[in-house]
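K.L.:
coords please:
(one chain, ligands or ions: 1)
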Amino acid sequence: MKLFLDSADVNEIKKRLSSGLIAGITTNPTLIRKSGGNPQHVYQELIDLGINDISMEVIGDSEEELFSNAMGHVKTYGDKATIKLPCSVDGLKACKRLSDINVRTNVTLIFSASQAILASLAGATYISPFIGRMDDNSLDGMKLINDISNALTGDTKILAASIRDPQSVGAAFSLGAHICTVPVSVFDKMYKHVLTDKGIEQFNLD
Ligand code: E4P
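P.N.:
Residues are numbered from 1 along each chain as shown. The predicted model follows:
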């Protein structure tokens, strides 16, 4: 069981790292755009903070382009880079080539158990099923985690993504996710329970 932060906001990430509970970071082009930084700068800052597992999304119109962009990241960031690839024909071909040379991969935008199976057969280190986006579209994100967990047999780890609330973290882990990646707002809420606050207040009084 591991917890990642789903963010490209280096200052916000830095504040939560001191907890000692964060094992990695997932980014995507939208998160990087929102952070206002450029990808290279964000990745380097995260490495400087001591983060050892950073999902870096590669863009490309072909297997070759995805693979060569991925190799550029591997050259620059070494084993800190986890190459994030789309679950497409070209994305999975690039995934297979990268996994064959022991580069860590994260196949993203997974919305079905079939996609998860293909990504796992392509040697993906992680697969990222998007819970929140399933739920947004009246599909059952948690059922997807359960289905994938029942279907997969290899070494691929289920990295539950697109998480919108702390309850989903507990549910995803209990249904077989190995890792949850959460926005910083969800991470902060995971500490909270009204009965804990009440209990602390009473114990302090007593
Ligand atoms: C995962 O790696 C993605 O960056 C992320 O979880 C997407 O979440 P969203 O659906 O909230 O954009």
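
K.L.:
Show me which residues of this structure are close to the ligand?
P.N.:
By Cβ under 6 Å from any ligand atom, the residues of the chain that approach the ligand are 6, 26, 28, 108, 128, 130, 132-133, 161-162, 181. Quick note: C-beta positions are derived from backbone N, CA and C, even for glycine.

K.L.:
Which helix or which strand is home to Leu5?
P.N.:
strand 2-6 (DSSP states H and E).

K.L.:
Mind listing what's buried along that strand?
P.N.:
2-6 (16 or more other Cβ atoms under 10 Å).

K.L.:
so which of those residues would you say is closest to Gly78?
P.N.:
Distances from Gly78 to the buried residues of strand 2-6, taken as Cβ to Cβ, are shortest for Phe4 (18.8 Å).

K.L.:
Could I get the full set of helices for this protein?
P.N.:
Shown for the chain, the helices assigned by DSSP state H span residues 10-17, 29-35, 39-48, 63-77, 89-100, 113-121, 131-136, 141-151, 166-174, 184-190, 194-205.

K.L.:
Run through who's touching stretch 48-57.
P.N.:
Counting contacts by Cβ atoms under 8 Å, 6 or more residues apart in numbering, the residues outside stretch 48-57 that touch it are 4, 10, 13-14, 17, 22-29, 39, 43, 46-47, 73, 77, 79-85, 104, 106, 108, 126.

K.L.:
Identify the residue nearest Leu118 in space, chain neighbours excluded?
P.N.:
Excluding the flanking residues, the one nearest Leu118 by Cβ to Cβ, 6 or more residues apart in numbering is Leu92, at 5.8 Å.

K.L.:
what's near enough to touch that neighbour?
P.N.:
Per Cβ under 8 Å, 6+ apart, neighbours of Leu92: 85, 107, 118-119, 122.

K.L.:
can I get those residues in a markdown table with pLDDT?
P.N.:
Shown next, in a markdown table, are the contacts of Leu92 (pLDDT from 0 to 100):
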| residue | pLDDT |
| --- | --- |
| Leu85 | 98 |
| Val107 | 98 |
| Leu118 | 98 |
| Ala119 | 98 |
| Ala122 | 98 |
